[in-house]
Structure formats: C-alpha cells, structure tokens
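# The following comprises the amino acid sequence and a computationally predicted model.
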Amino acid sequence: RRQQRHTFPVETSDFVAHRLSVWPRHLVMASKRVLGLLCLLAPVAALTPRTGRVKSVLANAEIRKQLASGVLAAAFGLSFCPAVTLADGQTEKFKLPPIDRADKNRCTFRSSTIGQANAARDKLYDLRECDMQKKDAAGFDLSGAILSNADFRGANFKEAQLSKAYAENAKFDDVDFTNAVVDRVDFKGSSMKNVRFNNAVLTGSNFESTNVENADFTGAYIGKFDLRKLCENPTLTGTNPITGEDTFESIGGCPGK
C-alpha cells in the first residue's frame with residue numbers, strides 16, 4: 001500500500017512560492033563543490049612550470065620567476081576560496097554562541113513576526129537544553145530557532161513553521177507536526193519516535209542518525225532527493241501508536257525497495 005505525497009498543507013500559491021525559494025539549493029551546493037575543486041586545483045596549476053623540461057629547472061631564471069608568481073597566485077586563490085562545506089551547506093566546524101542562561105524567559109515559545117522565508121529574527125531565538133515537554137507551539141513561526149539538545153516530547157507543533165531551524169540531538173518523541181512547514185531543519189541525532197508528520201512539508205530537512213521509529217509521514221510532501229536520503233534511515237520501521245499507520249508505507253515506499 002502506497003500513500004500519496006502530494007497533499008499540500010498550505011495554499012497553492014504559498015506552496016509554489018515556497019518551492020521557488022528553495023529549488024536552487026542543490027544547484028548552489030553543486031556550484032560550491034565545483035568552485036572548491038577549482039580552488040584546490042588552481043594552486044597546483046599555478047605552481048606547475050610552463051615547460052616540458054625538468055632538468056635544471058631551478059637554474060633557469062625565467063622558471064624561477066614563474067614559480068614565484070605561482071606561489072603568490074596560489075596563496076591569493078586559497079585566501080579567497082570558500083571553506084569546504086558539507087552537503088547541507090554548513091561548514092564542518094559549526095560553532096554555536098554560548099547559551100544566555102541569565103535570560104529567565106528564554107525557554108518559552110515565541111512566534112516570529114518578521115516572516116518565515118529567510119528565518120529572520122530581531123534577536124537570537126535559543127531554546128537549547130530547554131524543557132518544553134507537552135507545551136503548545138501550534139501555528140507558531142519558529143523559523144531560525146536553535147532547538148538542539150532540548151526536550152520537546154509530547155509538544156504540539158501543528159501548523160507551525162520551522163524553516164532553517166537547528167535541532168540536532170533533541171527529543172521530539174510523540175510530537176505532532178501535522179500541517180507544519182518543516183523546511184531545511186537539521187534533526188541530526190534527534191529522537192523522533194511516534195512523531196506525526198501528516199500533510200507536513202518536509203523539504204531539505206536532515207534526518208541523518210535520527211530515530212524515526214513509529215513515525216507517520218502520511219500525506220507529507222517529500223522531495224525525491226529528500227526521500228532517497230530518508231530511505232537510508234534504518235529506523236524507518238514500526239507503526240504509529242496514534243494513527244495506526246505503518247512508518248515505511250506512510251512515506252509511499254522507497255525507490256528500489
């Protein structure tokens with residue numbers, strides 16, 4: 001039994017605008033990889049003498065001049081080349097700012113009034129290490145929030161917007177994401193057992209090393225590339241205790257499986 005993945009939880013015009021805002025992502029990543037390769041090859045080419053002779057290279061004044069200019073070109077090129085990036089667009093050494101533990105009102109759900117598209121906020125929205133169990137964020141715009149290492153078990157995220165949220169190593173067990181926009185969210189290493197993603201938009205989100213056992217993806221919009229990545233998750237098993245849907249079947253099946 002295969003479920004359809006084309007039920008959209010937002011108005012068609014909003015959904016089209018949303019997709020247009022994210023479709024170049026993979027093209028940008030490919031461009032960065034090509035640019036990174038050129039940055040690595042440029043110094044080698046710059047340092048290579050423009051001659052077929054190897055004997056007495058250093059004795060040749062012209063070649064010494066070429067080598068000197070090549071060293072300068074290599075240094076210049078490397079200094080302006082972008083850092084090598086991971087597939088999700090983040091640098092390998094991603095360092096978060098310190099937690100402001102002096103802020104006694106930090107661990108509360110606050111909806112953004114600026115807009116979801118670019119996850120902009122007037123100040124850093126940091127819920128790291130917060131105990132948010134069974135709290136209500138239905139309809140909230142939590143775009144750009146830092147949610148890592150927090151406890152959201154049993155919370156309500158119905159129709160919430162989480163564009164570009166950072167949620168590594170958090171607890172989302174039994175959370176309801178029905179009709180939510182879960183766009184480019186990093187759930188790496190999080191626990192998401194019994195989660196419901198019914199009719200949610202799941203575009204560009206990372207479920208690497210995430211426990212999605214007993215999750216329900218029925219009606220969720222999942223792009224082809226995202227679906228392939230999700231299908232690599234070994235915890236895509238079980239049955240959701242609320243809806244009774246089979247987890248693997250709820251995503252509509254995996255290519256080749």
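Yep, that arrived. Numbers count the residues shown, from 1 in each chain.
# contacts, neighbours, all on C-alpha from now
Fine.
# Count the neighbours of residue 164 for me.
Using other Cα atoms under 10 Å, residue 164 is surrounded by 23 other residues.
# Tell me if I'm right that it and residue 144 touch.
Yes: using Cα atoms under 8 Å, residue 164 makes contact with residue 144 at a distance of 5.1 Å.
# May I have the phi/psi pair for residue 230?
Note on residue 230: its backbone torsions stand at phi -60, psi -30 [degrees, to the nearest 10].
# Is it in contact with residue 209, as I believe?
No: between residue 230 and residue 209 there is no contact under Cα under 8 Å: 10.1 Å.
# got the end-to-end distance for stretch 244-251?
14 Å (Cα to Cα, to the nearest Å).
# the more surrounded of residue 230 and residue 209?
residue 230 (21 against 17).
# Quick one: residues contacting that one.
Residue 230 makes contacts with 207-208, as judged by Cα atoms under 8 Å, 6 or more residues apart in numbering.
# Show the pLDDT at it.
Note on residue 230: pLDDT of 95.
# and what of residue 254?
Taking residue 254 on its own, its pLDDT is 88.
# likewise residue 170?
Residue 170 carries a pLDDT value of 98.
# I'd say it and residue 148 touch.
Yes: counting by Cα under 8 Å, residue 170 touches residue 148, with 5.1 Å between them.
# A helix includes residue 225, no?
Yes: when DSSP: H, G, I helix; E, B strand; the rest coil is applied, residue 225 is found to be in a helix.
# the strands in the stretch 101-250 of the chain, which residues?
181-183, 201-203, 221-222 (DSSP state E, counting those that start in this stretch).
# got any ranges where the stretch 101-250 of the chain has weak pLDDT?
Scanning the stretch 101-250 of the chain for pLDDT under 70 picks out 114-122.
# mind listing the helices for it?
Assigned by DSSP state H, counting those that start in this stretch, the helices in the stretch 101-250 of the chain fall at 224-231, 247-250.
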